Every structure is written in structure tokens, then in C-alpha cells.
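Enquirer: Here is the input, now give the coordinates:
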Amino acid sequence: MRTYERIINAYDRNLQIYTNRKCRHVTFEGSGYSTSVLNSYRKLEFEKQILFEKIYFDHRKKLILFFSNIIQPQLLEQGVKTAQLLRLHEGNKLFATYYEYLDLEPLEENKYFDSATDVAARIAKVKLSESTNIPESRSDYNRYTFNQALINLQNELKPHIPDIRNLLNDTDQYVSEHVERCLNHGDLSNKNTFKDGKVIDWDNFGWHPIGYDFGLIIGLSSSSGYTFDKYLEIEHTLYNKVSDLLDFSDFQISLSFFTAVFIRSERVTARYQNNNINRQLSIQLVQLLEKRLHKAGVESNTA
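Expert: Now for the predicted structure:
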């Protein structure tokens, strides 16, 4: 532990983190993969309090403070269970956040999908105040990793659907312009979603079209080898959770779009054994999108 503290001090001498001497007990707990944080986290036990430490690079500070000061209080007021930011220590290159420590009980594998989508629906229904100005970077879902996943999907399915680029561009434009937006968590994996509806790690939050979080959850669950018929069944189940927020036709387009992209992304990440099943589902979802766009009156730009 002291080696860790010396490394932090060597990188940023102005950052004062809690040392092992100041705590009753300190342990490393969990890890991550983000390029915005030091992906080693600590549980700090004091006499009367337990804190969870997460250290970020300085460029994330404004966004973390926006979420903690503006978004999180509204989440808590409306029943979303998450850890509050209690303290923040600033350095020149890094800053350390200290959250209340939550006792988190992992979900059983067969409970993940239902629990995660329940949480996604609860988040989608959070009503933010009119004075809440979401940063532009958090209103554009088609950035960075998502944009690359979209391009990868186009390249992979082009042999099967020659006009896929124009079709996905048409869908992207429709979803961006017509589908109702809501607050999204952005990473409701089984590492961030727990029993009793508790959810942590809001680093990827955004103001995205309804269906984004749902599509990601389906992607994360797709190792079970969803069939097309199973997807259609899931689609109706998920819509029932947010039916008061948007029309079914818009939800269908949004969900099938995000699901196709995220299933492809997870297929590459996890190297699923049932790779062909997931690829076939991606093809079927994109073909379904074409029919749904036509029904919605969208004139395709395909040649």
C-alpha cells in the first residue's frame, strides 16, 4: 500500500490522498479499464466512516463535479440508489474522489438482465430540472467508442447488406432527431449494477435517446445467444417499462439500432463461442431497421 502512495506522490506531489497511517484499515477493491482514471480503487476504513477512493486525471474534474453537484442529487431524490461524493482532494495532474462506501451484493447471472433493465427504466424516468444544462459532450452518443463500433458494424455486415452504410446513417439521423431523450447511465454492466437496485460508476452518463442503455444491456447479455424471436419478445417487455415516455414505433427503431451496434461490439470484446448466432442477429436487426424506417416514412439514401 505504501508503494502505491509513493507512486501517486511521485506523479503528483500536490495531491494529498489518505495514507495508510491515517486509516484504520485500507484495502484495494476492484479495478477498471478507463483511460480517465487510475484503475486501482481503495476502500478506506476510519473509526466512524468508510470511504471508496477513485482517482481521476485532472481533465475529468469539471464533468465529475457537474454530475455530483447537479445530476446526482436529482437521482437520489427520485429513488435511484447510488453512492454520494463526499470529499474531493485536488492536485495538479490528478484529483481524488471519496464516495460513501456502499455494501454491494452482486446479482445472480440469471437476474442480471431484468434487474439492469429495471434500473435503466428508473433512470430514464428521472425528471431533471429545467435549469440542468447537460454538457454538449454528454448529449452526443455518436462519439468515440460508439462511433467506432458503428463503423465496425458497417464493415462487418457489408458483404451481407451492401447498402448498410447509408441505412445506418439514415437510422442514426432518425434516432438523433426523433426519439425522446433521457438520462442514461452508459455502462450498466454486472460490475456496476447490484441487488436492491444499487448502481455505481456514472463516468459514462449521458443524455441519449431512450433505448441506448437497453441496447447496451442486451449486448452485454448476448453471450446467451439470443434468437431474433427472443429479441422481439424482449423488445415488447422493455417497452412496457418506458411506454409512458415515447411511442412504440420510435422505441422499436431506437432499440434495434443500439442493440445491433452493441451486440457487434460485445461480440468482438468477448469472442463469444456462438459468434455466428450473434452475427446473424445483427444482420436480422439491420434488415428490420430498413423496414421500420420505411414504415416511419424515411426515404432511404441507398442507391
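
Enquirer: where along the stretch 101-250 of the chain do the strands fall?
Expert: Counting by DSSP state E, counting those that start in this stretch, the stretch 101-250 of the chain has strands at residues 181-184, 206-209.

Enquirer: okay, the ones you listed in a markdown table with distance to residue 283 next?
Expert: No exception for glycine: its C-beta is placed from N, CA and C like everyone else's. As requested, the strands of the stretch 101-250 of the chain are exported to a markdown table (distance: least, Cβ to Cβ, whole Å):
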| stretch | distance to residue 283 |
| --- | --- |
| strand 181-184 | 26 |
| strand 206-209 | 23 |
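
Enquirer: List phi and psi for residue 84.
Expert: Backbone geometry at residue 84, expressed as degrees, to the nearest 10, gives phi -90, psi 140.

Enquirer: Would you check how far apart it and residue 76 are?
Expert: Per Cβ to Cβ, to the nearest Å, residue 84 is found 7 Å from residue 76.

Enquirer: was I right about residue 97 contacting residue 56?
Expert: Yes: between residue 97 and residue 56 there is a contact under Cβ atoms under 8 Å: 6.7 Å.

Enquirer: and for those two, which residues touch both?
Expert: Common contacts of residue 97 and residue 56 (Cβ atoms under 8 Å, 6 or more residues apart in numbering): residue 64.

Enquirer: who's in contact with stretch 25-40?
Expert: Residues from elsewhere that reach stretch 25-40, judged by Cβ under 8 Å, 6+ apart: 1, 4, 8, 18, 20, 41-45, 52, 54-57, 59-60, 94, 191, 201, 203.

Enquirer: got it, and stretch 153-172?
Expert: 142, 150, 253, 257, 260-261, 264, 279, 282-283, 286-287, 289-290, 293, 298, 300-303.

Enquirer: ChimeraX command to pick out the buried ones of the residues you listed?
Expert: The ChimeraX command for the buried members of those (criterion: 16 or more other Cβ atoms under 10 Å) is given here:
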select :150,253,257,260,261,264,279,282,283,286,287,289,290,293,298
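
Enquirer: among the contacts of stretch 153-172, which are in helices?
Expert: Using DSSP state H, the subset of the contacts of stretch 153-172 located in helices is 150, 253, 257, 260-261, 264, 279, 282-283, 286-287, 289-290, 293.

Enquirer: quick check: domain ranges of the chain?
Expert: 2-100, 109-295 (automatic domain parsing).

Enquirer: shaky segments in this protein?
Expert: 1, 144, 224, 267-277, 300-303 (pLDDT under 70).

Enquirer: for it, which residue is closest to the average position?
Expert: A centroid search over the chain (Cα atoms, centre = their mean) returns residue 186, at 1.6 Å, as the residue closest to the centre.

Enquirer: quick one: the helices in this protein?
Expert: 2-11, 61-66, 72-77, 112-124, 144-157, 164-178, 212-221, 228-242, 248-270, 275-295.

Enquirer: Tell me which of those helices lies nearest to residue 197.
Expert: helix 112-124 (5.7 Å; Cβ to Cβ).

Enquirer: hang on, the earlier thing: may I see the strands of the stretch 101-250 of the chain arranged in TSV, with mean neighbour count and distance to residue 117 as well?
Expert: Putting the strands of the stretch 101-250 of the chain into TSV (neighbours: other Cβ atoms under 10 Å; distance: least, Cβ to Cβ, whole Å) gives the following:
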stretch	mean neighbour count	distance to residue 117
strand 181-184	23	13
strand 206-209	24	15
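
Enquirer: May I see the ChimeraX selection of the buried members of the contacts of stretch 25-40?
Expert: Buried residues within the contacts of stretch 25-40, by 16+ other Cβ under 10 Å, are selected in ChimeraX with:
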select :8,18,41,42,43,44,52,54,55,56,60,94,201,203
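
Enquirer: how about stretch 288-297: buried residues?
Expert: For stretch 288-297, burial by neighbour count (16+ other Cβ under 10 Å) applies to 288-290, 292-293.

Enquirer: Out of those, which is nearest to residue 121?
Expert: Checking the buried residues of stretch 288-297 against residue 121 by Cβ to Cβ gives residue 292 as the nearest, at 21.7 Å.

Enquirer: show me what contacts that closest one?
Expert: Taking Cβ under 8 Å, 6+ apart, we find residue 292 in contact with 249, 252-253, 256.
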